[in-house]
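need a structure here:
(chains A and B)
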There are 2 protein chains.
Amino acid sequence: VRLPADEAWSLLRASDHGVLATVHAERGVDAVPVVFAVHGERILVPVDTVKAKSTTRLQRLVNLAHDPRCVLLVDHYDDDWTQLWWVRVHATATVVDGRAEALTAFPAYREADAVTATIVLEPGAVTGWRAG
Amino acid sequence: VRLPADEAWSLLRASDHGVLATVHAERGVDAVPVVFAVHGERILVPVDTVKAKSTTRLQRLVNLAHDPRCVLLVDHYDDDWTQLWWVRVHATATVVDGRAEALTAFPAYREADAVTATIVLEPGAVTGWRAG
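Prediction:
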């Protein structure tokens, strides 16, 4: 069942992690798990120093610099398929230096230097679905 | 920490759901939750009649017909960030009619007509990460 926009936004505001899909210049698409905070009608994704990275050249930032179109998918899985739901946000991303204030909702980000940059998602279409 | 390929594959084989990201001709990228089964070195994603769809024209199939490159991301989230892990498969997709046998691992797919087609992912790069 397609969700009304207000219900999709309510689920987004109650969530804090999802998958960010971006355009990869050679491979077509890329995807990476992210945490996020909703602030007004924007969605804020940290570039952090907390979760160990395998490289300092984050592919998601390379991809977004090349093409700012992206999708954030928040997926609720359950072995009971009557409980499934998901919300998808098509968005345009800009990257700003430093930590957006709303990201302090995560205890791990209370130290300002835990976040080096913030990916700001400007949502276009927000759609969602739930079972039954 | 980057995972060795065998560990990434072990996690894949022990998983049954993730996010499939595809190339969208106008929007750049798209993403949708999927269930899957690993069969040998291929990954099988059902097109089912079980989980209610909002349309019979599934955008994931339109996208893959246009560009078969895709990514399957399996993400283990936990509020304790020392427990995080994910596995990412860059793949090329082909779509075949009917239900692949391996999909009967899902009780909901024991009826043959519960699956109308199978998206077969031929993995290229398989990478993974876990915290700490």
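
touching chain B at all, the top strand by length along chain A?
What stands out as the longest strand in chain A, according to DSSP state E, is strand A:115-130. Yes: part of strand A:115-130 sits close enough to chain B to count as contact by CB under 8 Å from any CB of the partner chain, namely A:W129. C-beta here means a position set from N, CA and C on the backbone, and glycine is covered the same way.

just the buried residues of that strand, please?
Neighbour-count burial for strand A:115-130, counted by 16 or more other CB atoms under 10 Å in any protein chain shown, picks out A:V115, A:A117, A:T118, A:I119, A:V120, A:L121, A:P123, A:V126, A:G128, A:W129, A:R130.

of these, which pair is most distant in space?
A:A117 and A:R130 (33.4 Å; CB to CB).

could you redo the buried residues of strand A:115-130 as JSON lines and give each row pLDDT?
Shown next, in JSON lines, are those (pLDDT from 0 to 100):
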{"residue": "A:V115", "pLDDT": "95"}
{"residue": "A:A117", "pLDDT": "95"}
{"residue": "A:T118", "pLDDT": "97"}
{"residue": "A:I119", "pLDDT": "97"}
{"residue": "A:V120", "pLDDT": "98"}
{"residue": "A:L121", "pLDDT": "98"}
{"residue": "A:P123", "pLDDT": "98"}
{"residue": "A:V126", "pLDDT": "97"}
{"residue": "A:G128", "pLDDT": "96"}
{"residue": "A:W129", "pLDDT": "95"}
{"residue": "A:R130", "pLDDT": "95"}
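
out of those residues, who's nearest chain B?
A:W129 (6.5 Å; CB to the nearest CB).

that closest one and A:W85 touch, don't they?
Yes: if you go by CB atoms under 8 Å, A:W129 and A:W85 touch, sitting 6.5 Å apart.

between these two, what contacts are shared?
A:L3 (CB atoms under 8 Å, 6 or more residues apart in numbering or on different chains).

quick one: name the residues of chain A near chain B.
Residues of chain A lying close to chain B by CB under 8 Å from any CB are A:1-2, A:17, A:19, A:21-23, A:27-33, A:50-52, A:54, A:67, A:69-71, A:73, A:75, A:77, A:81, A:84, A:86, A:88, A:90, A:108, A:129, A:131-132.

now the residues you listed: which count as buried?
Among those, those classed as buried by neighbour count (16+ other CB under 10 Å) are A:19, A:21-23, A:27-33, A:51, A:69-71, A:73, A:75, A:77, A:81, A:84, A:86, A:88, A:90, A:108, A:129, A:131.

do a quick rundown of the helices in chain A.
A:5-13, A:59-66 (DSSP state H).

nearest to A:E101 among those helices would be which one?
Put simply, out of the helices of chain A the one that sits nearest A:E101 is helix A:5-13, at 16.2 Å, with distance taken as CB to CB.

export the closest one as PDB, just CAs?
Extracted as PDB, the C-alpha positions of helix A:5-13 are listed here (Å, rounded to 0.1, in the frame of the first residue of the first chain):
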ATOM      1  CA  ALA A   5       3.400  11.800   2.100                       C
ATOM      2  CA  ASP A   6       2.700  12.800   5.700                       C
ATOM      3  CA  GLU A   7       2.900   9.200   6.900                       C
ATOM      4  CA  ALA A   8       6.200   8.700   4.900                       C
ATOM      5  CA  TRP A   9       7.600  11.800   6.600                       C
ATOM      6  CA  SER A  10       6.500  10.600  10.100                       C
ATOM      7  CA  LEU A  11       8.400   7.400   9.500                       C
ATOM      8  CA  LEU A  12      11.400   9.300   8.300                       C
ATOM      9  CA  ARG A  13      11.400  11.500  11.400                       C
END
